[in-house]
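**Q** requesting a structural model of the entry that follows:
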Amino acid sequence: ADAYTGEKFRDVCGKITTALDSGNLGSLLAALAGIGAIVASAMGGFKAAWALLVVSVGSFILRTYIEMWFAECG
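**A** Purely as a prediction, here's the structure:
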């Protein structure tokens, strides 16, 4: 029964913030969600298309959310 130290969380969180700093992760998520929204709306899934558009916009502000909610990560 090891005590929780939070080291694994800090490692994973650090890797995510490093990927976000380079700008590639947000762009990739936005592009994939945008393509998914186009495909979903073409097939008649307009609710899915709106959800994917929200994901697309949210991927650009993900870094800010991480800094607000997980201060020990930054």
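**Q** which parts of the longest helix along the chain are buried?
**A** For the chain, the longest helix by residue count, based on DSSP state H, is helix 24-42. Residues of helix 24-42 classed as buried: 25-26, 29-30, 33-34, 36-37, 40-41 (neighbour count, 16 or more other CB atoms under 10 Å). Placement of C-beta: from N, CA and C, glycine included.
**Q** which one of those residues is nearest to Ala19?
**A** Closest approach to Ala19 among the buried residues of helix 24-42 (CB to CB): Leu25, at 4.4 Å.
**Q** which residue, other than its chain neighbours, is closest to the closest one?
**A** Counting by CB to CB, 6 or more residues apart in numbering, Leu25 lies nearest to Ala19, which is 4.4 Å off, once chain neighbours are set aside.
**Q** quick check: the one you found vs Ala42, distance?
**A** 30 Å (CB to CB, to the nearest Å).
**Q** what's the answer for Phe60, then?
**A** 24 Å.
**Q** got it, and Val54?
**A** 18 Å.
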